[in-house]
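# here you go, sequence then predicted model.
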Amino acid sequence: MSSQKNFYKTGIVQIPNFTLESGESLVEVELAYERCGPRDAPAILVCHALTGQHLTVGTEDEPGWWKGLIEDGGYIDTTEYQVITFNVLGGCNGSTGPQSMDPKKGEPYGEHFPRLTVRDLVEVQYVALKILGFKRLKGVMGGSLGGMQVLEWGLMYPEFVNALFPIAVTPTLSDYGIAFNHISGEAIRNGGDQGLSIARMIGMMTYRSDVLFNERFNRNQRIAEDGIPTYEIASYLSYQGEKLQERFNKDSYLTLLDVMNTHDIGRGRGGLEQVIHGYQVPVFGVGFTRDLVYPSEVLAGFISAIQQEGGYAEFYEVKSKFGHDGFLVEFEKWGWFIQEKLTELDTLVQHKQA
């Protein structure tokens, strides 16, 4: 256990003159972050999903989105590890994104914010970590868009990390996933802020399974304010859409959908078969049954391919009615796996060095 007292901090890292993969530059990047745990403890970077943000642990008044998984005494114990999370570049929760001022025009970027890739998100976080004084990470973990970043971390900065924990993700975003992103994008482009609500409803249909929806709602109806019966599933989706519309920016949503579309770890590296050789640190993948866009069997196949090439990798499949959203709930079903592998990691590193 760490010798220093646990602490909690949120802040902003400023990075001047950051060049994107496209060659376009941002005069200054600001990344909002949350940091929790003893300063001298091994560090774990958490990468968030599409509409997530940097408040992973949160506070008593505002619990974070992975509270229950990451907390004092949790599966990722913040008395033993320090956990850091950044709000991604292009986001809308304190980091540089479409709502930021374009210094060339003196107005918010809006829909003209530069195009980004998953690799841009990873590189800017690496620079931010160096500024904050981090010299190495015990692990990088994340689900969905966060999982995409995890897989890139293992190829871009393998010397900086001890292990990867990609969750609810595949090595590339499939055409099926790109199709859903296109429909969501069109909803926003044609419907503005209301379109964001519709995009969220589309997303909800891929985040959870038909089994869960059928069991939860069972074709139940209720009487709406106008006296007309409405199906509870319809009310639920509308509510989720309205909630996101209140807290998220439509241009950030479009920007990050485009980022997700770029996800292909084999791009520019000779293809997926070639890039598997690049994973020199342990990879511990977690997949969820009934995940519509990121099928568990695809991640399992990827992990198996790493094993066949002599890399150290393990896969755990979670049986869940939640589908993709399983990585945000039911921690008791898979948190132990992360906890166990973090504990084993020191032995693996020592064995490899020997």
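Here it is on my side, so go on.
# walk me through the domains of the protein.
Domain assignment for the chain, taken from automatic domain parsing, gives 8-172+264-353, 176-259.
# show the end-to-end separation of the last one, please.
Using CA to CA, to the nearest Å, the gap from the first to the last residue of domain 176-259 comes to 16 Å.
# who touches Gly37 in this structure?
By CB atoms under 8 Å, 6 or more residues apart in numbering, the contact set of Gly37 is 2, 6-7, 78-83. Bear in mind the C-beta positions are built from the backbone N, C-alpha and C, glycine included.
# next one: the closest residue to it other than its chain neighbours, what pLDDT does it get?
Using CB to CB, 6 or more residues apart in numbering and skipping the chain neighbours, the partner closest in space to Gly37 is Gln82 (3.3 Å). Here the pLDDT value assigned to Gln82 is 97.
# nearest spatial neighbour of the most centrally placed residue in the chain, skipping sequence neighbours?
Nearest to the mean C-alpha position of the chain, by CA atoms, centre = their mean, lies Gly146 at 2.1 Å. Counting by CB to CB, 6+ apart, Gly146 lies nearest to Cys47, which is 3.6 Å off, once chain neighbours are set aside.
# from Glu62, how far out is Phe18?
29 Å (CB to CB, to the nearest Å).
# tell me which of these two has more neighbours.
In terms of neighbours (other CB atoms under 10 Å), Phe18 is the more surrounded of Phe18 and Glu62; the figures are 19 against 8.
# the more buried one should be in a strand, yeah?
Yes - the assignment for Phe18 by DSSP: H, G, I helix; E, B strand; the rest coil puts it in a strand.
# enumerate every residue touching it.
Contacts of Phe18 (CB under 8 Å, 6+ apart): 25-26, 28-29, 124, 127.
# most packed of the domains of the chain?
For the domains of the chain, the largest average neighbour count (mean count of other CB atoms under 10 Å) is found in domain 8-172+264-353, namely a mean of 19.
# thinking again about what came up before, from Ala187, how far off is the residue nearest to Gly146?
Taking CB to CB, one finds Cys47 at 26 Å from Ala187.
# check Leu55 too.
27 Å.
# the longest helix that the chain contains - contacts with which helices or strands?
Among the segments of the chain that qualify as a helix by DSSP state H, the longest is helix 175-207. Applying 3 or more CB pairs under 8 Å, 6 or more residues apart in numbering; DSSP states H and E, one finds that helix 175-207 contacts helix 232-247, helix 250-261.
# any chance of TSV for those helices, columns distance to Leu299 and mean pLDDT?
TSV is the format used below for the helices and strands packed on helix 175-207 (distance: least, CB to CB, whole Å; pLDDT from 0 to 100):
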stretch	distance to Leu299	mean pLDDT
helix 232-247	26	95
helix 250-261	16	98
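# of the ones you listed, which is nearest Gly139?
helix 250-261 (22.3 Å; CB to CB).
# which SSE is the residue of the chain most remote from its centre in?
Relative to the centre of the chain, the most outlying C-alpha is that of Gly227, 40.9 Å out, by CA atoms, centre = their mean. Gly227 belongs to no helix or strand when elements are defined using DSSP states H and E.
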